[in-house]
Each structure stands twice: as C-alpha cells, then as structure tokens.
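Asks: need coordinates for the following:
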Amino acid sequence: MKLKKFGATEQKIYNLVKPITDEMGYYLWDVCYIKEGACWYLRIFIDCDEGISIEDCEAVTEPVNKLLDETDPIKQSYTLEVGSAGLERELLKEDHFQICIGDKVRIRFIRAVDGEKEICAYLKDSDKNSITTEDENGKESVFQLADIAFVKLWFDFD
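Replies: Have a look, this model is predicted:
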C-alpha cells in the first residue's frame, strides 16, 4: 500500500477548502478529482466526531461552491460533491493513521501473512512504512505498508 499523495489540482483544492472546513468544525478527510466516463468530479470528504449528516454536507457545499466559483481553480467543467468519509473509510494518508490510533481496523494483505489474508485489530501506532496493531488477546504485531492492500476502519454492526 502506498500512502496517497495529492495531485496538483487536489492539493490546490485541499488548501482552499481546509480553512472553511476547519472554521466550520469539520475535518477535511480527503479530496478527489477524478474523471468517470466523460465527466469530471471533485469530491470532498468531511468528518467530525459526531458523524456527518446530509445537512452537514449541504452546509459545507455552499461556502465551498462559492469559493470555487470566485477563485476558479479548475478551468474545465466538473461536478462538486461533498460527502461523509464513511464509517468504514479507507486510511489513505499518514495523518489518517494517526487520527485513528486506538480504533479497530480491517487490514487486507497483498499475500497471506501467517495464513491470513485479512485481519481485524486495533491500530496502535504507525509511521511512513509500517503499522502496529493489537489483537483481541493483546498481541501486538507490526506490518509493513508494502505488504498491505488496504486498511479501513472497522465498524461492528452487531
């Protein structure tokens, strides 16, 4: 797994939008600028401790849309979407891992590790190359990011 790096457009949008989300009390989780078919989409994912509602997305959309109209950082036509990062969001950046220390995560490996292709454990620590987890029995393990397909938050619906 490689940690996500923003493209130039995504970084520009992140820098523009972050002060708005910070001021409104939201965490700017991710910015994606992607082409799907013939259309371009600018997706902004937000989070907060209380969770995200449709009203939160609407509240962020208005000032962000106004700012993007004023600054016109993207010359081509696109659709703006503001949404929740989701309960079982993927951890993509270094700060995502730091924010989620203590949370339960689902890790899928590229190749089986100790006979397991996927595990759920608590995230204990991380750095640029590895993560440390603790299982239900208190056993700590260190996994290299290069051996991981993805890491997502795990929410037990039971």
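Asks: domain ranges for this structure?
Replies: With domains defined by automatic domain parsing, the chain comprises 8-84, 94-153.
Asks: and of these, who's closest to residue 1?
Replies: domain 94-153 (4.3 Å; C-beta to C-beta). In short, each C-beta sits where N, CA and C put it, glycine included.
Asks: the closest one: end-to-end distance?
Replies: Domain 94-153 has an end-to-end distance of 14 Å (criterion: C-alpha to C-alpha, to the nearest Å).
Asks: next one: stretch 1-13
Replies: Here the two ends of stretch 1-13 are set 24 Å apart, with distance taken as C-alpha to C-alpha.
Asks: buried set for it?
Replies: 1, 6, 9-10, 12-13 (16 or more other C-beta atoms under 10 Å).
Asks: just give me the closest of those to residue 66.
Replies: Of all the buried residues of stretch 1-13, the one with the least separation from residue 66 (C-beta to C-beta) is residue 13, at 14.0 Å.
Asks: how about the closest one, secondary structure?
Replies: Using DSSP: H, G, I helix; E, B strand; the rest coil as the criterion, the local structure at residue 13 reads helix.
Asks: tell me the contacts of it?
Replies: 31, 33, 42, 44, 68, 73-74 (C-beta atoms under 8 Å, 6 or more residues apart in numbering).
Asks: filter those down to just the ones in helices.
Replies: Helix and strand membership here follows DSSP state H; of those, those in helices are residue 68.
Asks: narrow the contacts of residue 13 to those in strands?
Replies: Assigned to strands by DSSP state E, the following of the contacts of residue 13 qualify: 31, 33, 42, 44.
Asks: for this structure, name the helix or strand with the lowest mean pLDDT.
Replies: Every helix and strand of the chain was ranked by mean pLDDT, DSSP states H and E. The lowest is helix 94-99, at a mean of 93.
Asks: and that helix, what does it pack against?
Replies: Using 3 or more C-beta pairs under 8 Å, 6 or more residues apart in numbering; DSSP states H and E, the elements in contact with helix 94-99 are strand 116-126.
Asks: for the strand it packs on, buried residues please.
Replies: Of the residues in strand 116-126, those scored as buried under the neighbour-count criterion (16+ other C-beta under 10 Å) are 119, 121-123, 126.
Asks: which two in those residues are spaced the farthest apart?
Replies: Using C-beta to C-beta, the pair of the buried residues of strand 116-126 lying farthest apart is 119 and 126, separated by 15.5 Å.
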